[in-house]
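>>> predicted model and sequence follow; I will ask about them next.
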Amino acid sequence: MRDSDADSAFRFEGTWRQFAPIAFTNLLLTIVTLGIYRFWATTRERRYLWSHSRFIGARLEWTGSGLELLIGFALVVVLLGLPLILIQGVAQGLMMRGEIAAAGLTLLVAYTALLYLYGLARYRTLRYRLSRTYWHGIRGGSDDKGWGYALTAFWKTAIGAFVLGVFIPWSMTSLWNDRWGRLCFGSHRFEADANWRPIIGRFLLFYLLPIVGCVGGMTMVVGAASGADAPSPAAFGMFVLGAFAAYLAMGVIAIVYYAAFLREAIGALRLNAIGFAFTARTLDWIKLLLGHVGLVIVTLGIGLIFIGYRNWAFFIRHLEATGEVDLATLTQSTTEVPRQGEGLLDAFGVGAF
């Protein structure tokens, strides 16, 4: 079923005209406060977006606060930012003294710690957001603090990235299953069994294209260099055009893969008797991204304040659910409620929405 249908499980009822006063006010206050207000700006935006999103007729509710986000970010600055600055200073000092091996080892330890913390950040952000999302007065969450997940994410990400990248689809789907399997909503635990096999073909297109492009480019260069005459301007132009086309094709294929991944991942997610699906296909994503680019260009950058709204609306309008909800068995979650927001993921630059 589609979002436009009257009986659609998920519906988004917001409009950009309603959202505009919130977005422009947030922008002004963030500028005036030198960025400090952005935590409260995020909270205002989420309250609007959540309250204009319905699941089976009932609105969602965001109960997080700007202060929680500020505290989370401040803790990260103190507990992560300062040690990293110290480690960088130590590594530079070792390099200046000629102790290259020790400096390299120091930086390797720092990079390993960052990779571990990134996995922890992704899990804890999801846990926090579920704990602040209410539906029918019921929230989500987990008592699992994510330390074990972060370790799993570390080695699975390492395998996916460093074994020539071939295992990235396996790593992404496996971590999706692990992450959601630790979370619950109300008294019900999520279940996920996403499979990497249906998406491996699209990933291989993305994976092999640079190799084919490099081989083709080198062949053209060698052929031109072996000729008696210098390459003509037309040949050089064709080479540049081909490189640009290959780069553009990589972006499109990346979208093809990510669209397939989300359809597989969300389609494999269940909550008790409820199954989920995500209907956005490659063309839908391309339209969204081109809309982002056009909006930012036409408004000379001001349109950036509407990107979060557009992303949320896109997500909800393509999200579907099947099955039945028995409110009599869906009781309030008894899981621990985090006391601060997603400052750790925010520090990695991917914390917004």
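Yep, it's here. The structure displayed is predicted, hence computed values, not measured ones. Residues are numbered from 1 along each chain as shown.

>>> can you show me the helices along the stretch 151-300 of the chain?
168-181, 200-226, 233-267, 282-298 (DSSP state H, counting those that start in this stretch).

>>> in the last one, what counts as buried?
Buried positions in helix 282-298, judged by neighbour count with 16 or more other C-beta atoms under 10 Å: 282, 285, 288, 292, 295. (Each C-beta comes from the backbone N, C-alpha and C, glycine too.)

>>> bridge partners for residue 138, pull those for me.
On the basis of DSSP bridges, residue 138 is bridged to residue 135.

>>> next one: it from residue 315, what distance?
Residue 138 is 21 Å from residue 315, where distance means C-beta to C-beta, to the nearest Å.

>>> I'd like the helices of the stretch 151-300 of the chain as TSV, with distance to residue 58 and mean pLDDT appended.
What follows is these, written out as TSV (distance: least, C-beta to C-beta, whole Å; pLDDT from 0 to 100):
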stretch	distance to residue 58	mean pLDDT
helix 168-181	22	96
helix 200-226	36	70
helix 233-267	20	82
helix 282-298	26	96
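
>>> distance of the nearest residue to residue 166 once chain neighbours are set aside from residue 129?
Distances taken as C-beta to C-beta, 6 or more residues apart in numbering put residue 207 closest to residue 166, at 7.0 Å, once the chain neighbours are dropped. As for residue 207, its distance to residue 129 is 32 Å (criterion: C-beta to C-beta).

>>> what's the answer for residue 160, then?
Distance from residue 160 to residue 129, by C-beta to C-beta: 25 Å.

>>> equivalent analysis for residue 196, please.
Taken as C-beta to C-beta, the span from residue 196 to residue 129 is 25 Å.

>>> now swap in residue 332 and tell me
17 Å.

>>> higher neighbour count, those two?
residue 129 (19 against 12; other C-beta atoms under 10 Å).

>>> was I right to think the more buried one contacts residue 342?
Yes: counting by C-beta atoms under 8 Å, residue 129 does reach residue 342; the two are 7.2 Å apart.

>>> ok, the closest residue to residue 279 other than its chain neighbours - contacts?
Once flanking residues are discounted, residue 279 sits nearest to residue 318: 4.7 Å by C-beta to C-beta, 6+ apart. Contacts for residue 318 (C-beta atoms under 8 Å, 6 or more residues apart in numbering) come out as 3, 278, 279, 280, 284.

>>> the last one - nearest residue in space that isn't next to it in sequence?
Put plainly, it is residue 284. residue 318 (6.8 Å).

>>> could you measure from that neighbour over to residue 132?
23 Å.

>>> what of residue 166?
38 Å.

>>> with neighbour numbers in mind, choose between residue 138 and residue 315.
residue 315 (19 against 16).

>>> can you tell me the helix or strand for the more buried one?
helix 307-317 (DSSP states H and E).

>>> what angle do that helix and helix 282-298 make?
Between helix 307-317 and helix 282-298, the angle comes out at 160 degrees (axes from the mean of the first three to the mean of the last three C-alpha atoms, to 10 degrees).

>>> helix 307-317 vs helix 233-267, what angle?
Using the same axes, to 10 degrees, helix 307-317 lies at 60 degrees relative to helix 233-267.

>>> contacts for helix 307-317 next, please.
3, 10-12, 14, 16, 19, 23, 45, 49, 53, 280, 284, 288, 291-292, 295-296, 352-353.

>>> which residues does residue 272 contact?
188, 323, 326, 329, 330.

>>> mind redoing it with 6 Å?
Residues counted as contacts of residue 272 (C-beta atoms under 6 Å, 6 or more residues apart in numbering) are residue 188.

>>> give me phi/psi at it?
phi 60, psi -110 (degrees, to the nearest 10).

>>> in the stretch 1-150 of the chain, which spans are strands?
10-12, 53-55, 58-62, 133-135, 138-141 (DSSP state E, counting those that start in this stretch).

>>> turn these into TSV, including distance to residue 118 and mean pLDDT.
Listed next are those as TSV, based on distance: least, C-beta to C-beta, whole Å; pLDDT from 0 to 100:
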stretch	distance to residue 118	mean pLDDT
strand 10-12	29	95
strand 53-55	28	95
strand 58-62	25	95
strand 133-135	23	95
strand 138-141	21	94
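
>>> tabulate the ones you listed (TSV), appending distance to residue 174.
Listed next are the strands of the stretch 1-150 of the chain as TSV, based on distance: least, C-beta to C-beta, whole Å:
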stretch	distance to residue 174
strand 10-12	26
strand 53-55	28
strand 58-62	29
strand 133-135	25
strand 138-141	22
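
>>> on that earlier part again, run a quick neighbour tally on the residue nearest to residue 166.
Counted with other C-beta under 10 Å, residue 207 comes out at 17.
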